[in-house]
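Student: Give the three-dimensional model of this entry:
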Amino acid sequence: MFDKLEIFRMAQGLATHAGARQTVIARNVANADTPGYRARDIADFTETYRQSDDSMALRTTRAGHIAAADSGSRSAEVVSGHGVGEPNGNTVSLEEEMLKAAEVKSKHNLALAVYKSSLNVLRTSIGR
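Tutor: As a prediction, this is how the structure comes out:
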């Protein structure tokens, strides 16, 4: 029932994205001393969410309309980081990764707050 409500879908997507990004950040930190390792990150949530939103997709309603081009992958793609590399080719900066981890924690807390608030509004609307 709740998967049909847009606010719940968005909160779930934001929490899932935060979890996936935290996994990539943890992998970067674990490989901070690995020679030749390139830091990785996940695409921004808004771009990922727009790509996965089927309700907002362009569609043809008449024969004369031009079909929309497929935007490609519908999931968050892992992209290479742009940090300055060490002499051994490693591009992980622990300071940047810690800042990213704090940002991800904040995004996850936001997702939980939106979900809880939406549940409270829903409960209030049905009289509980």
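Student: In the helix ranked longest in the chain, which residues are buried?
Tutor: In terms of residue count, the longest helix belonging to the chain (DSSP state H) is helix 94-125. For helix 94-125, burial by neighbour count (16 or more other Cβ atoms under 10 Å) applies to 96-97, 100-101, 104, 107-108, 111, 114-115, 118. Yep, even glycine has a C-beta here, placed from its N, CA and C like the rest.
Student: Just the strands from the protein, written as ranges.
Tutor: 40-42, 78-80 (DSSP state E).
Student: other SSEs contacting the longest helix of the chain?
Tutor: helix 6-30 (3 or more Cβ pairs under 8 Å, 6 or more residues apart in numbering; DSSP states H and E).
Student: Show me where this structure dips below the pLDDT cut-off.
Tutor: The model of the chain has pLDDT under 70 over residues 1-3, 47-62, 64-84.
Student: give me the number of residues near residue 11?
Tutor: Residue 11 has 22 neighbours, counted by other Cβ atoms under 10 Å.
Student: quick one: contacts for it?
Tutor: Residue 11 makes contact with 111-112, 114-115, 118 under the criterion Cβ atoms under 8 Å, 6 or more residues apart in numbering.
Student: The residues you listed into a markdown table, with extra columns for distance to residue 6?
Tutor: Shown next, in a markdown table, are those (distance: Cβ to Cβ, whole Å):
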| residue | distance to residue 6 |
| --- | --- |
| 111 | 14 |
| 112 | 17 |
| 114 | 11 |
| 115 | 13 |
| 118 | 10 |
